[in-house]
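>>> prediction below, plus the sequence it came from.
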Amino acid sequence: MTVTPPPPPVPHPPHPGDRAQACAAARATACAGGTTGPQGSAARGPQGSAGARLRVERLRVRTEDPAEGLAVLERVYAAGQMQVSEDVPFRLQQEVRSAADVSLERARLGGVMATARIDATGTVRVAQLLGGRLVFTDGTPTRPTPGPFLLPVRPYTCRWDDLDLRTVTLDLERLQELAAGLRGAERLRLRFTGSAPVSAGMARYWNAAVAHFRQVQLEHDEALAAPLLREQAFRSLATTLLHAFPSTFLEDDPAPASAARPAPAGVRRAVAFMEAHLAEPIGLPEIAEAARLSPRGLQVAFRRELGTTPLAHLRALRLEAAHADLRAADPADGQTVTGIAARWGFGHTGRFAAAYRQRYGVAPAETLRD
């Protein structure tokens with residue numbers, strides 16, 4: 001039986017990269033934070049109220065209606081040409097949480113046997129097969145496993161049976177920009193050359209990074225409301241992906257000439273750029289560009305001239321800014337250590353407090369009270 005989904009009540013995302021914000025793109029009949037039952041009724045959660053500024057977007061759908069379920073799969077995974085078996089009841093549980101241009105999805109299709117064409121253009125998706133079977137029917141050599149593996153970064157066809165699949169989705173264009181910036185190679189074209197992690201150790205490291213994002217960062221809307229923390233969350237997970245899976249990013253290339261004799265003027269330009277953009281989500285690529293050096297050349301220059309790294313120096317400057325804000329803050333106005341720390345990119349209050357005490361000899365709470 002071929003089931004054609006009804007016209008969706010929300011439009012397709014205008015660009016494949018928008019699927020990284022999967023909740024917004026996948027909202028077929030459910031509200032953010034709501035749950036759709038077999039009859040398609042949606043319950044609006046506390047973050048689904050009109051006018052709310054969603055930092056972490058959530059979608060939960062449970063349905064036994066094939067048309068509704070296929071519409072949800074189309075929104076979340078860009079799945080088309082879907083055919084489902086009529087021999088078993090249709091049951092779908094779909095969860096999506098997205099923030100910081102990263103989307104975490106889990107699809108459970110109990111007992112469902114189906115085929116589909118997935119348009120993965122513009123997205124990089126890492127999957128884990130938690131149950132059931134997933135088979136590629138277009139000659140794709142990828143072997144689905146309980147460990148992390150890359151799904152094809154292109155359209156592909158597949159077949160599944162009683163599927164339980166967890167995925168992490170990032171926008172390919174943003175990943176490309178980050179990879180080129182980290183390598184200091186504007187002409188780098190990111191292309192993945194394998195689906196399995198480069199090693200068992202990097203597979204564990206990827207799993208740990210995803211678990212941290214899911215269990216810690218996605219649970220703190222207040223922290224992700226801070227632009228610096230949102231950008232750090234994306235860069236951290238994206239950088240881990242670039243190092244965990246084989247691609248042109250990991251291929252050796254000659255060290256840039258600027259790494260051999262970086263000019264001290266580059267360090268001065270970098271520091272001036274940091275100070276001028278301290279409250280903005282800048283990273284190594286932007287700092288290196290301002291310094292007119294490659295990222296590696298800038299790191300060599302900082303270690304030689306200042307005995308530290310560019311990002312460590314940036315953290316030190318932000319710690320100074322947080323110290324100034326703590327001294328100027330009035331607790332009676334509702335200002336907190338956590339809020340001030342988040343403002344300057346420190347998402348883990350405990351680590352912020354430890355760094356602050358090491359630098360200033362007192363706890364940040366003491367400075368705030370004084």
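Great, that's in hand.
>>> where does residue 198 fall, phi/psi-wise?
Main-chain torsions, residue 198, degrees, to the nearest 10: phi -70, psi -20.
>>> give me the beta-bridge partners of the spatially most central residue of the chain?
What sits nearest the mean C-alpha location of the chain, by CA atoms, centre = their mean, is residue 102, with 2.9 Å. Here residue 102 sits in beta bridges with residue 99, residue 170, going by DSSP bridges.
>>> give me the low-pLDDT residue ranges for the stretch 101-250 of the chain?
Scanning the stretch 101-250 of the chain for pLDDT under 70 picks out nothing.
>>> quick one, strands of it?
102-109, 113-119, 123-136, 149-150, 155-171 (DSSP state E, counting those that start in this stretch).
>>> now the shortest one: how far from the chain's centre is it?
The reference is to strand 149-150. How far strand 149-150 lies from its chain's middle: 15 Å, per CA atoms, centre = their mean, to the nearest Å.
>>> again with the second one
Between the mean C-alpha location of strand 113-119 and the chain-wide mean there is a distance of 25 Å, by CA atoms, centre = their mean.
>>> could you pull out the buried residues of it?
113, 114, 115, 116, 118, 119 (16 or more other CB atoms under 10 Å). All C-beta atoms are positioned from the backbone trio N, CA, C, and that covers glycine.
>>> strand 155-171 and that one, what's the angle between them?
Comparing the axes of strand 113-119 and strand 155-171 via axes from the mean of the first three to the mean of the last three CA atoms, to 10 degrees yields an angle of 60 degrees.
>>> strand 113-119 vs strand 123-136, what angle?
Using the same axes, to 10 degrees, the inter-axis angle of strand 113-119 relative to strand 123-136 is 150 degrees.
>>> please apply the same query to the first one.
Using the same axes, to 10 degrees, one finds that strand 102-109 and strand 123-136 are set 20 degrees apart in direction.
>>> CA atoms of strand 102-109 as PDB?
The C-alpha trace of strand 102-109 is given here as PDB (Å, rounded to 0.1, in the frame of the first residue of the first chain):
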ATOM      1  CA  VAL A 102      22.000  21.100  15.800                       C
ATOM      2  CA  SER A 103      19.000  18.700  15.800                       C
ATOM      3  CA  LEU A 104      18.700  15.400  17.700                       C
ATOM      4  CA  GLU A 105      16.000  13.000  16.400                       C
ATOM      5  CA  ARG A 106      14.700   9.600  17.400                       C
ATOM      6  CA  ALA A 107      12.300   7.600  15.300                       C
ATOM      7  CA  ARG A 108      10.600   4.500  16.600                       C
ATOM      8  CA  LEU A 109       8.400   2.700  14.100                       C
END
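>>> which helices and strands sit right next to that strand?
For strand 102-109, the elements it packs on are helix 22-26, helix 66-77, strand 92-99, strand 123-136, strand 155-171, helix 200-215, helix 227-244, judged by 3 or more CB pairs under 8 Å, 6 or more residues apart in numbering; DSSP states H and E.
>>> closest to residue 288 out of these?
Closest to residue 288 of the helices and strands packed on strand 102-109 is helix 227-244 (CB to CB; 14.2 Å).
>>> tell me which of the strands of the stretch 101-250 of the chain sits nearest to residue 70.
Checking the strands of the stretch 101-250 of the chain against residue 70 by CB to CB gives strand 113-119 as the closest, at 8.5 Å.
>>> show me what the closest one is in contact with.
The contact list for strand 113-119 (CB atoms under 8 Å, 6 or more residues apart in numbering) reads 16, 73, 77-85, 87-88, 137, 151, 155-162.
>>> hang on, the earlier thing: reformat the helices and strands packed on strand 102-109 as TSV; add distance to residue 357 and mean neighbour count.
Below are these laid out as TSV (distance: least, CB to CB, whole Å; neighbours: other CB atoms under 10 Å):
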stretch	distance to residue 357	mean neighbour count
helix 22-26	39	25
helix 66-77	44	24
strand 92-99	30	23
strand 123-136	37	18
strand 155-171	35	19
helix 200-215	24	15
helix 227-244	21	20
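>>> can I get these in CSV with distance to residue 362?
Shown next, in CSV, are the helices and strands packed on strand 102-109 (distance: least, CB to CB, whole Å):
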stretch, distance to residue 362
helix 22-26, 42
helix 66-77, 48
strand 92-99, 33
strand 123-136, 43
strand 155-171, 40
helix 200-215, 29
helix 227-244, 24
